[in-house]
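J.: quick one: sequence and predicted model below, then my questions.
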Amino acid sequence: FTGGNKNAVNFVSCGEVIIKKCLFNNFSSRTLIFNEVASVVIEDCEFLECRFKYNTSSDAGKALGGVIYSEKPTSIGRCDLIGTSFEKCGGIKVNNYFRDYRSAIISNIKCVVDGCNFNNCWNYGLMNNIDPEDERRTMFVKASSATNCSYENTAVFN
């Protein structure tokens, strides 16, 4: 799936969504949006340069969900990420007038993550710089868990 700046891939009111062996690249909108889904499995996929471009001035610390997002994160029963890689993913703030740290830049949904790779995943804020070191600078929400993952030049997991 090759993105752009207009539309994400949306799933609404699904029992189970399984996404396997897919490549998602060059999304400047959110990449995947889930709402009211009982179970999500994303396995052996690649996300390349999926950076959500956003324009806000008052949401400091808010969970971004630049790649995997839900308007109602609690409406997702379970989200598993298995053997999936993320390279140059996260967020880019296009309004550079205010400092606006963001958390959960990859997913605002609680995820169970196993055997995934993260490389150069950041939120770019004020003056197109990586958000400075801060407890809010994370890739996933605090309730998420990770095992057997690798991290290279990227924000902390949670």
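T.: That came in fine, so what should we check first?
J.: quick one: low-confidence ranges for this structure?
T.: Scanning the chain with the threshold set as pLDDT under 70 gives 57-60, 96-100.
J.: swap the cut-off to 90 and go again
T.: Scanning the chain for pLDDT under 90 picks out 3-7, 54-62, 93-102, 124-137.
J.: contact partners for the residue nearest in space to the middle of the chain?
T.: Centroid-nearest residue in the chain: Ile106, 1.8 Å away (criterion: C-alpha atoms, centre = their mean). By C-beta atoms under 8 Å, 6 or more residues apart in numbering, Ile106 lies in contact with Gly65, Gly66, Val67, Ile68, Phe86, Cys89, Gly90, Phe118, Cys121, Met139, Phe140. Every C-beta, even on glycine, is put in place using the N, C-alpha and C of the backbone.
J.: from Thr138, how far off is it?
T.: Noted for Ile106: a distance of 9 Å to Thr138, by C-beta to C-beta, to the nearest Å.
J.: any common contacting residues for these two?
T.: Counting by C-beta under 8 Å, 6+ apart, nothing touches both Ile106 and Thr138.
J.: verify the contact between Asn55 and Val94 for me.
T.: Yes. At 5.0 Å, Asn55 and Val94 qualify as touching, with contact defined as C-beta atoms under 8 Å.
J.: measure the closest residue to the residue nearest to the centre of the chain other than its chain neighbours to Glu16 for me?
T.: Nearest in space to Ile106, with sequence neighbours left out and distances taken as C-beta to C-beta, 6 or more residues apart in numbering, is Met139 at 4.2 Å. Per C-beta to C-beta, Met139 is found 24 Å from Glu16.
J.: now do the SS call for Thr74.
T.: For Thr74, the secondary structure call by DSSP: H, G, I helix; E, B strand; the rest coil comes out as helix.
J.: give me the neighbour count for it.
T.: Neighbours of Thr74 under the rule other C-beta atoms under 10 Å: 8.
J.: show the contacting residues for it.
T.: Thr74 neighbours (C-beta under 8 Å, 6+ apart): none.
J.: so Val112 sits right up against Ser145, yeah?
T.: Yes. Taking contacts as C-beta under 8 Å, Val112 lies within contact range of Ser145: 5.6 Å.
J.: the two: which has the busier surroundings?
T.: Remark: of Val112 and Ser145, Val112 carries more neighbours, 15 against 12, as counted by other C-beta under 10 Å.
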